[in-house]
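In: quick one, structure for this:
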Amino acid sequence: MTATDIEQLIQQLKLSPHPEGGYYRETYRSTALVQTAAGKRAASTAIYYLLTANDYSAWHRIASDELWHFYSGQALNIHIFDENSGQLKTHCLGNPLEHSNHNAVFQLVVPAGLWFAAEPTAANHTQAQANTFSLVACTVAPGFEFSEFELADTEALAQKHPQHTAIFRRLGVRKD
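Out: This next block holds a predicted model:
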């Protein structure tokens, strides 16, 4: 896929830049409401989410469980950090038939309240990989609200958990 093809996909799916990195568009918001500690919310929401070769989803957390679904392109490493235990786990979201060397799965749940970040599985992007992408969807229940979206202070996380400093800093919010 060329850079032009990726730009066409962004336009075709009507994606916009996301604050954590990449591109997204909400595709579903349930009309059914549920009561949460924060008040009434949609029972569920869903988005398309696209990362290009040089994008990543910066460390963040939300108030609900988030189910990631793989659609197309390069597999993603999804890093999930439990601040209470200090445990960091990396999972591969992708097509298990094409990304078997990464133990990929089609779906992955990020539990509510945990820090997480995502990036393409290839750590070093060569010229041949420059035009790759990862297209996924995310379903959140109870539904996503930006008021409950928190970008991580990666320096504070690194100070508390120095064993993970490199990955916190590498996938922190871009300051461009």
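
In: would you map the helices across this protein?
Out: For the chain, the helices defined by DSSP state H occupy 3-12, 154-160, 165-170.

In: got TSV for those, with mean pLDDT and mean neighbour count too?
Out: (Each C-beta comes from the backbone N, C-alpha and C, glycine too.) Output for the helices of the chain, formatted as TSV (pLDDT from 0 to 100; neighbours: other CB atoms under 10 Å):
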stretch	mean pLDDT	mean neighbour count
helix 3-12	92	13
helix 154-160	96	15
helix 165-170	96	16
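
In: closest one to residue 95 among these?
Out: helix 3-12 (17.4 Å; CB to CB).

In: circling back: and the helices of the chain: which comes nearest residue 111?
Out: If we rank the helices of the chain by CB to CB, the stretch that ends up nearest is helix 154-160, at 17.2 Å.

In: and the contacts of that closest one?
Out: Helix 154-160 is contacted from outside by 59, 81, 83, 115, 164-165, 168-169, 171-173, using CB atoms under 8 Å, 6 or more residues apart in numbering.

In: farthest pair in these?
Out: Of all pairs in those, the most separated under CB to CB is 83 and 173 at 17.2 Å.

In: against residue 144, how distant is residue 30?
Out: 11 Å (CB to CB, to the nearest Å).

In: show me how far the lowest-mean-pLDDT helix or strand in the chain is from its chain's centre.
Out: In the chain, the helix or strand scored least confidently by mean pLDDT, DSSP states H and E is helix 3-12, which has a mean of 92. Its chain's C-alpha centre and that of helix 3-12 lie 20 Å apart, by CA atoms, centre = their mean, to the nearest Å.

In: just to revisit the earlier point, select, out of the helices of the chain, the one closest to residue 148.
Out: helix 154-160 (18.8 Å).

In: what's the least confident helix or strand of the chain packed up against?
Out: Helix 3-12 sits against strand 45-52, strand 133-141, with contacts defined as 3 or more CB pairs under 8 Å, 6 or more residues apart in numbering; DSSP states H and E.

In: neighbouring strands - and their directions - for the shortest one?
Out: Going back to what we said before, that points to strand 45-52. With DSSP bridges as the test, strand 45-52 is paired with strand 23-29 (antiparallel), strand 133-141 (antiparallel).

In: which positions in it come out as buried?
Out: Across strand 45-52, burial judged by 16 or more other CB atoms under 10 Å covers 45-52.

In: if we can go back for a sec, put the alpha carbons of the least confident helix or strand of the chain into CSV.
Out: Backbone C-alpha positions of helix 3-12 (Å, rounded to 0.1, in the frame of the first residue of the first chain) are rendered in CSV as follows:
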residue,chain,number,x,y,z
ALA,A,3,1.2,6.6,1.2
THR,A,4,-1.4,7.8,-1.3
ASP,A,5,-3.5,4.6,-0.7
ILE,A,6,-3.3,5.2,3.1
GLU,A,7,-4.4,8.8,2.7
GLN,A,8,-7.2,7.6,0.6
LEU,A,9,-8.2,5.1,3.3
ILE,A,10,-8.2,7.9,5.9
GLN,A,11,-10.4,10.0,3.7
GLN,A,12,-12.7,7.1,2.7
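
In: great, nothing more from me.
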